[in-house]
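A.B. asks: what follows is a predicted structure for the sequence shown.
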Amino acid sequence: MAGAAAAQETQASKPNVTVATVKSQETGNRGRYVGRIQAVSTVNLEARVEGVLEKRNFQEGGLVKKGDLLFVIEKGLYQASVASSKAQLEGAQATLKNSKVELGRQKILLEKGDVAQSDYDSAEATVGSNEASVGEAQASLDTANINLGYTDIYAPIDGRISKTSVDVGNLVNTNTGTLATITSVDPIYVSFYMGEKDLIEDREKGLIGNDSAALNIKLTMADGSPYTSTGSISYVGTTVEQASDTIEVRATFDNPKNILIPGQFVNVFVEDAQPKSTLVVPQSAVQLDSKGHFVYLVDSADKIERRDVKLGKQAGTVWEVSSGLEEGEKVVVQGLQKIHPGVVVNPVETKG
C-alpha cells in the first residue's frame, strides 16, 4: 500500500506538458504582403479635331474591343476639306502634265537651234515648280484625310470603358480633355513591396533572376476567398524605397472574369514554384535566450532536454528548422513555464 501511494505521488508530481512531433513539410510560402491591383494599360480618349459630338457607340462601364468605333464627331467640314484638297491636287497634276509637254517641245526646238538655252531652262524650271505644287497639294490632301479620320474615335486597346464626360450634341475640340477612359482588365498587374532582405535572399537562391522568377504568386480577396489563378513576377523595381527598405515587385495575372479590379487591395502570397520538404516545429515550441533559439525535447524516458536549433523562415504557424532536430522527436509546445532540463514530465501529444 505504501509503495502504491508513493508511485501515485511521484506520478502526480510530474508536470503535464503538451508535445508536438517534429515532422517534415513542404514550406513553399516565402512571404505574405499587401498588394494593389493595377491595370496593364490605361488610355484617355480625347478629341483631336473640333466638331459636334454626334454619336456614342458604347455602354458606359462595359467592355470594348480594340478597333471598336466609340465616338463620332460631325464630318461635313472635314469631308469638304478632303474634296477641296483632292480638286487642288488634280489641278496641280494637270498643270504639271502640260508643263512637261512644253518642256519636251522646248527640248526639240533647242536641239534644232530654234530657241535660246534660256527658254529651255525656263520651261525646265516651270516643271520643277509644278512638281513642288503637286507635292504640296498631295500633303494637303493627306492632312485633310487624317483630320477626317480623327472624326471617328476607335478603341486602341481591349478593356473596360468609363462613363463619358461629354454628352452627344456638345462641341468638342483638343481642349475638351478626356471624353472617356479605357482600362485594360485581362491580363492585370498586382503590385506589392517586398523587403530588401527577402529579395536579396531570393536572388541569392536563384528564385528571382534578371528576366524570370521561380516563384508563384497567389492572392486572397478581401472576403478571404482565394483567387483561382496563379500569377508570375513580371517586374522587380530598380531602386529601394528608402523610407521602408522595400522594393516594388509586380506580378501578372490572367483575369478573364474581371474579378480583379484596378485599385483594389489583395493579400499576396509568394511561394516557391517547386517547394522542398523541410523539418518544421510549431512557433510556440521555439524559445530564445542569450545563446540563441532553442526548444525543449522530451526523450524516451520523458525527461526534458534542451536543444539549440537554427531556424529558417516562418511559414504560417510553424518555423522551418535548418539544423538541431530530427524528424520524429518530441518538442514541448505548452507547459514551458513548468519545466527545465532534466525534469521528468507527463507528455500529452497535441492533436492535429
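C.D. replies: On my side now, so go ahead.
A.B. asks: a strand runs through Lys107, doesn't it?
C.D. replies: No. Judged by DSSP: H, G, I helix; E, B strand; the rest coil, Lys107 forms no part of a strand; its state is helix.
A.B. asks: let me know the helix or strand that the nearest residue to it once chain neighbours are set aside is in.
C.D. replies: In space, and not counting its chain neighbours, Lys107 is closest to Tyr120: 6.4 Å by CB to CB, 6 or more residues apart in numbering. Yep, even glycine has a C-beta here, placed from its N, CA and C like the rest. For Tyr120, the host element (DSSP states H and E) is helix 117-149.
A.B. asks: tell me which strands and helices that helix is in contact with?
C.D. replies: helix 76-112 (3 or more CB pairs under 8 Å, 6 or more residues apart in numbering; DSSP states H and E).
A.B. asks: would you map the helices across the stretch 151-300 of the chain?
C.D. replies: Counting by DSSP state H, counting those that start in this stretch, the stretch 151-300 of the chain has helices at residues 196-204.
A.B. asks: where does pLDDT dip in it?
C.D. replies: 207, 211-212, 273-275 (pLDDT under 70).
A.B. asks: thought Leu215 was touching Gly231, still the case?
C.D. replies: No. With contact defined as CB atoms under 8 Å, Gly231 does not reach Leu215; the gap is 9.6 Å.
A.B. asks: so which of these two has more stuff around it?
C.D. replies: Per other CB atoms under 10 Å, whichever of Gly231 and Leu215 has more neighbours is Gly231, with 24 against 21.
A.B. asks: who does the more buried one bridge with?
C.D. replies: Here Gly231 shows beta-bridge partners Ile217, assigned using DSSP bridges.
A.B. asks: check Phe192 too.
C.D. replies: Counting by DSSP bridges, Phe192 forms beta bridges with Gly35, Val249.
A.B. asks: give me every residue that touches it.
C.D. replies: Contacts for Phe192 (CB atoms under 8 Å, 6 or more residues apart in numbering) come out as Tyr33, Val34, Gly35, Arg36, Glu248, Val249, Arg250, Ala251, Val268.
A.B. asks: report the buried members of those.
C.D. replies: Tyr33, Gly35, Val249, Arg250, Ala251, Val268 (16 or more other CB atoms under 10 Å).
A.B. asks: show me which pair in those residues is furthest apart.
C.D. replies: Greatest spacing in these, by CB to CB: Tyr33 and Arg250 (11.9 Å).
A.B. asks: figure out the helix or strand that the nearest residue to Leu279 once chain neighbours are set aside lives in.
C.D. replies: Distances taken as CB to CB, 6+ apart place Val321 nearest to Leu279, at 4.5 Å, with adjacent residues excluded. Using DSSP H and E, Val321 sits in strand 318-323.
A.B. asks: list the helices and strands the helix or strand that comes right after that strand packs on?
C.D. replies: Per DSSP H and E, the first helix or strand lying C-terminal to strand 318-323 is strand 330-334. Packing partners of strand 330-334 (3+ CB pairs under 8 Å, 6+ apart): strand 16-21, strand 277-282, strand 292-298, strand 346-349.
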